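Undergrad: starting from these lines, generate the structure:
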Amino acid sequence: MKALHFGAGNIGRGFIGKLLADAGISLTFADVNQAVLDALNARHSYQVHVVGEQEQVDTVSGVNAVSSAGDAVIDLIADVDLITTAVGPVVLERIAPAIAKGLIKRRAAGNDRPLNIIACENMVRGTSELKACVLKALGEEDKTWVEAHVGFVDSAVDRIVPPSARADDDPLAVTVETFSEWIVDKTQFKGALPPIPGMEPTDNLMAFVERKLFTLNTGHAITAWLGQQAGHQTICEAILDKNVRAVVQSAMEESGEVLIRRYGFDAASHAAYIQKILGRFENPYLKDDVERVGRQPLRKLSAGDRLIKPLLGTLEYGLPHAGLVKGIAAGLRYQSQEDAQAQQLMQLLAEKGPRDALAQISGLDANSSVVTEVVNAYNTQA
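TA: Next comes the predicted model:
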């Protein structure tokens, strides 16, 4: 079996690419970073440092790489059995034209073998968004062929992969936590499901997408934002601050009540899942900077993302949401000279104030009581 993976960054190499290679799949990475491409093609292997109480170093072998901007990637799309991505949500639209060209070439070559495409991104139904972008670049006959032969499989992914700080400046060095979770919608595959250890199929993907979004992503963002306010440098330092932890845990419990109502999760099992997430944040071997984790506040405070979506759920079911409110207020106070969205947020707050800025970012009614609650929390955090 042959696979093409878009994105040879830390998540691509340390998570999805590793699972594919470990499954014995012939793997090619596609990326625009020439230093990484050259290193992969020179060595055909790299090391993954798995950190926790029992640190280990795993070697991923038998890989190669191509430029995602060249013709070679189109040739591969016409031939491989599986395509995965870990490029970041905003990049999916950029790789769609190349995928479309590859699918056109695949059809022209008479390759009717099932092909499955899985976007492994930190977003809800990323593959469906990628599919929409790909279909825009296809004619009607090609669209019909793609619908028959190509599966666009949505997934939920979870693994903390901070930037590597290896002293040897190895472009392939990557550090990951022990925990990983890759859940895929088995109803969307064409042909047989590929046998990949670590890939978990389900017919109820949205339950797991929102479980991760409302727990890991919600808690991670709030830990970063409140941690920055408290002067902490890393997620580990921040979550060990009892004041930060109290808000983070409260927010995750509030969002958890939404999940229990919506999907019927067992309350005790979900409480244990929250504690597992908090334990992952405490991992002292992951030097995950609060400034990095807090980036892109405009996206993270948007209607369908990790704070506003669970907040809307608490309003739907009439549930408490004080922790989520404090988290949203902290997001409005996030600052970074390295993040364009943080700069845009500061400008928006200066121009409109917190009430109208939040309404514009989140889609919430500026005159609603919950926005007033956030504004009060924002002013309290000053």
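
Undergrad: contacts, neighbours, all on C-alpha from now
TA: OK.

Undergrad: what sits up against the strand or helix carrying residue 374?
TA: Residue 374 belongs to helix 369-380 when elements are defined using DSSP states H and E. Contacts of helix 369-380 from elsewhere in the structure, counted by Cα atoms under 8 Å, 6 or more residues apart in numbering, are 325-326, 328-330, 332-333, 354-355, 358-359, 364-366.

Undergrad: for it, buried residues please.
TA: For helix 369-380, the buried set under the neighbour-count rule, 16 or more other Cα atoms under 10 Å, comprises 370, 371, 372, 373, 374, 375, 376, 377, 378.

Undergrad: now distance to residue 270 and pLDDT too, for these, in a markdown table please.
TA: Written out in a markdown table, the entries for those read as follows (distance: Cα to Cα, whole Å; pLDDT from 0 to 100):
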| residue | distance to residue 270 | pLDDT |
| --- | --- | --- |
| 370 | 26 | 98 |
| 371 | 28 | 98 |
| 372 | 30 | 98 |
| 373 | 27 | 98 |
| 374 | 26 | 98 |
| 375 | 30 | 98 |
| 376 | 30 | 98 |
| 377 | 27 | 98 |
| 378 | 29 | 98 |
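
Undergrad: helix, strand, or coil at residue 182?
TA: Of the three states, residue 182 takes strand under DSSP: H, G, I helix; E, B strand; the rest coil.

Undergrad: does it touch residue 156 like I think?
TA: Yes. A contact is recorded between residue 182 and residue 156 when judged using Cα atoms under 8 Å, the distance being 5.8 Å.

Undergrad: break down the stretch 1-150 of the chain into its strands, ranges please.
TA: With DSSP state E, counting those that start in this stretch applied, the stretch 1-150 of the chain shows strands at 2-6, 26-31, 45-51, 56-61, 63-67, 82-85, 115-119, 150-153, listed in chain order.

Undergrad: report the contact partners of the most centrally placed residue in the chain.
TA: Using Cα atoms, centre = their mean, the residue of the chain that lies closest to the mean C-alpha position is residue 122, 1.5 Å off. Taking Cα under 8 Å, 6+ apart, we find residue 122 in contact with 88, 89, 156, 157.

Undergrad: residue 182 and residue 156: who's more crowded?
TA: residue 156 (28 against 19; other Cα atoms under 10 Å).

Undergrad: which helix or strand contains the more buried one?
TA: With elements delineated by DSSP H and E, residue 156 resides in strand 155-158, which encompasses its position.
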